[in-house]
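J.: Curious how this folds, go ahead:
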Amino acid sequence: LSASAGSGKTTTMIARISAILKKGADLRDFIVITFTNASAFDFREKLIGEILKIEDGERVSELLTQLETADIGTLDSFCVNIVRSYFYIAGVDPAFSVMDENDSSALKSAAAEETVEYFLKNNGEVLDRLLEVFNAHSYDALIGEANALSSYKSSRPGMKFSNPAKDAAVKELYKKSLEDAVKSIAYSAVKKIESLKIKAAAAGFLLLSDDLNILEETFDTLRSAKFDKLFEILSDFHIDAGRTRAGKNRTEEENALAAEFKELKGDLKNYAVKMSQLLGGATPEEAELRMEAADTPVKDMVDFTLAYEKSYLEKKKKAGRLDFADISAKALEILQNSRVREEISSKYKYVFVDEAQDINEMQWRIITSVSEKASLFEVGDVKQSIYMFRNAEPEIFSEKFDSLKQKEDSLQINLNKNYRSAPEILHFVNSVFEKVMTKEDALIDYSSEARLIPGGEWDARGEVSAFLIKARENSPKGRAEGAFIAQS
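T.: Residues are numbered from 1 along each chain as shown. You can find the predicted model right below:
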């Protein structure tokens with residue numbers, strides 16, 4: 001279920017569960033995974049309201065009793081329960097405690113200090129090289145990079161650091177990332193060209209339309225080209241002046257479009273330069289040499305990160321503590337045991353997952369293991385994915401949603417009717433995002449799949465105004481916006 005903001009996703013999930021309960025299912029058959037504890041509490045409160053609508057008093061009493069111990073909560077809390085129940089499989093001290101973010105930050109700070117001191121004493125040149133590579137003025141920046149790398153690795157089961165200059169798989173990934181970056185730029189160029197083409201067609205400016213078609217064809221070629229071919233295309237790449245210029249014999253509208261065309265060509269030339277810079281060389285061989293030249297700083301960063309991870313791990317062990325990344329990894333390790341996986345997955349007939357757009361690969365593997373024998377109901381919206389800084393992968397939900405089109409025993413639903421906002425606001429939002437949210441750039445084709453539809457009843461009508469507020473230099477975040485609102 002892809003549910004846009006204000007479309008009633010929680011109401012839909014509650015209604016789905018209620019319908020299943022009315023057919024005789026027990027709440028013991030369900031696991032409902034929410035993203036926050038507050039969401040879990042809200043979900044329970046709304047479910048109580050649905051249960052109380054049942055006319056059979058004995059059934060109501062039975063379900064309310066089951067609700068007290070029902071598996072409705074965050075994936076973190078579910079994983080904690082798995083690790084506590086099967087600690088012996090993962091080799092965890094049964095008396096472990098879970099750290100909150102403050103405790104984790106304190107241990108990480110101590111590990112960071114210890115790591116820097118170690119390198120200063122034993123390998124100071126590594127720190128010097130890294131400070132230069134990251135253009136950093138303090139070791140805090142290096143710790144931040146190490147933290148980000150460690151966090152990224154912990155969200156991907158089985159991932160290990162490797163030397164990109166010698167790892168063929170990483171080289172291919174590197175090439176693919178460059179391909180994708182160039183294609184993204186080319187796509188932006190095509191969208192700009194298409195926008196001007198629409199204006200030219202409306203004005204009957206055929207000469208401009210022809211020039212734009214030539215440019216569009218060039219950038220479309222870049223969008224479909226493979227790594228090696230990109231260098232060949234860009235080496236011969238040039239943007240002709242075109243035949244479209246302002247002139248006395250043209251209308252005012254045509255002259256305005258010709259001026260816009262001139263500006264567009266400047267943008268397209270900048271795009272071409274940016275693409276060449278991304279590829280890092282005139283030939284594929286030069287690009288690979290550039291990658292190999294990064295071997296030393298990459299190895300330095302890996303060594304620094306591994307030392308930091310080791311120090312942090314030792315401090316957690318000494319304190320008998322686990323953070324939530326540890327909990328997820330241990331839970332997945334436990335679920336690899338076929339007996340345990342069978343035991344846990346057989347408990348549930350129905351698995352509900354809220355905010356599925358913000359899960360990562362580790363979490364998805366856990367959910368998949370638990371739902372082997374169950375009916376899986378996922379609710380998400382890639383437009384609302386806000387946790388990529390915590391390694392969320394909205395691609396997982398998007399790909400899963402699209403793949404259901406090929407499966408007869410599955411169903412995909414788009415909830416786009418918005419009951420929360422006035423029609424004028426929704427029309428404005430649509431007009432903006434249908435131009436920028438595409439399958440290629442944002443994992444969703446907004447214009448055909450995700451346009452918001454007014455669903456509420458509104459007596460008052462108005463118009464939307466957009467304001468660009470320039471904050472003063474060194475001004476606290478939000479102050480300029482607050483001052484503008486206060487004065488409006």
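J.: Endpoints of stretch 128-148, how far apart?
T.: One end of stretch 128-148 sits 20 Å from the other (CA to CA, to the nearest Å).
J.: Give me the contacts around it.
T.: 108, 112, 115-116, 127, 296-297, 300-301, 304-305, 308-309 (CB atoms under 8 Å, 6 or more residues apart in numbering). C-beta coordinates here come from the backbone N, C-alpha and C atoms, glycine included.
J.: what's the closest of the residues you listed to residue 178?
T.: Of all those, residue 178 sits closest to residue 297, with 18.6 Å by CB to CB.
J.: and that closest one, what element?
T.: helix 295-319 (DSSP states H and E).
J.: Which strands and helices lie in contact with that helix?
T.: Where contact means 3 or more CB pairs under 8 Å, 6 or more residues apart in numbering; DSSP states H and E, helix 295-319 is packed against helix 101-122, helix 124-133, helix 139-154.
J.: Kindly export the first one (C-alpha atoms) in PDB.
T.: Extracted in PDB, the C-alpha atoms of helix 101-122 (Å, rounded to 0.1, in the frame of the first residue of the first chain):
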ATOM      1  CA  GLU A 101      21.500   7.500  21.900                       C
ATOM      2  CA  ASN A 102      23.100   9.500  24.800                       C
ATOM      3  CA  ASP A 103      24.900   6.500  26.200                       C
ATOM      4  CA  SER A 104      26.000   5.400  22.700                       C
ATOM      5  CA  SER A 105      27.300   8.900  22.000                       C
ATOM      6  CA  ALA A 106      29.400   9.000  25.200                       C
ATOM      7  CA  LEU A 107      31.000   5.700  24.400                       C
ATOM      8  CA  LYS A 108      31.600   6.700  20.800                       C
ATOM      9  CA  SER A 109      33.300   9.900  22.000                       C
ATOM     10  CA  ALA A 110      35.600   7.900  24.200                       C
ATOM     11  CA  ALA A 111      36.400   5.500  21.400                       C
ATOM     12  CA  ALA A 112      37.100   8.400  19.000                       C
ATOM     13  CA  GLU A 113      39.500  10.000  21.500                       C
ATOM     14  CA  GLU A 114      41.300   6.700  22.000                       C
ATOM     15  CA  THR A 115      41.600   6.100  18.200                       C
ATOM     16  CA  VAL A 116      43.000   9.500  17.500                       C
ATOM     17  CA  GLU A 117      45.500   9.100  20.300                       C
ATOM     18  CA  TYR A 118      46.600   5.700  19.000                       C
ATOM     19  CA  PHE A 119      47.200   7.100  15.500                       C
ATOM     20  CA  LEU A 120      49.000  10.200  16.800                       C
ATOM     21  CA  LYS A 121      51.400   7.900  18.700                       C
ATOM     22  CA  ASN A 122      51.800   5.100  16.100                       C
END
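J.: hmm, who's touching that helix?
T.: Under CB under 8 Å, 6+ apart, the answer for helix 101-122 is 99, 126-127, 139, 142-143, 146-147, 304, 307-308, 311-312, 315-316, 319, 321, 323.
J.: and it with helix 139-154, angle?
T.: 120 degrees (axes from the mean of the first three to the mean of the last three CA atoms, to 10 degrees).
J.: Could you export the helices and strands packed on helix 295-319 to JSON lines, including columns for mean pLDDT, distance to residue 404 and mean neighbour count?
T.: Shown next, in JSON lines, are the helices and strands packed on helix 295-319 (pLDDT from 0 to 100; distance: least, CB to CB, whole Å; neighbours: other CB atoms under 10 Å):
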{"stretch": "helix 101-122", "mean pLDDT": "95", "distance to residue 404": "36", "mean neighbour count": "15"}
{"stretch": "helix 124-133", "mean pLDDT": "90", "distance to residue 404": "44", "mean neighbour count": "15"}
{"stretch": "helix 139-154", "mean pLDDT": "90", "distance to residue 404": "28", "mean neighbour count": "17"}
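J.: Run through the stretch 251-400 of the chain and note the low-pLDDT ranges.
T.: By pLDDT under 70, the weakly predicted segments of the stretch 251-400 of the chain are 281.
J.: Tell me which stretches of it form helices.
T.: For the stretch 251-400 of the chain, helices defined by DSSP state H, counting those that start in this stretch occupy the ranges 252-279, 284-293, 295-319, 324-335, 338-345, 361-370, 394-403.
J.: Adding distance to residue 217, write those helices out as a markdown table.
T.: Formatted as a markdown table, the helices of the stretch 251-400 of the chain follow (distance: least, CB to CB, whole Å):
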| stretch | distance to residue 217 |
| --- | --- |
| helix 252-279 | 13 |
| helix 284-293 | 24 |
| helix 295-319 | 39 |
| helix 324-335 | 48 |
| helix 338-345 | 53 |
| helix 361-370 | 38 |
| helix 394-403 | 28 |
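J.: Of all these, which one is nearest residue 420?
T.: Among these, helix 394-403 sits nearest to residue 420 (CB to CB), with 21.7 Å.
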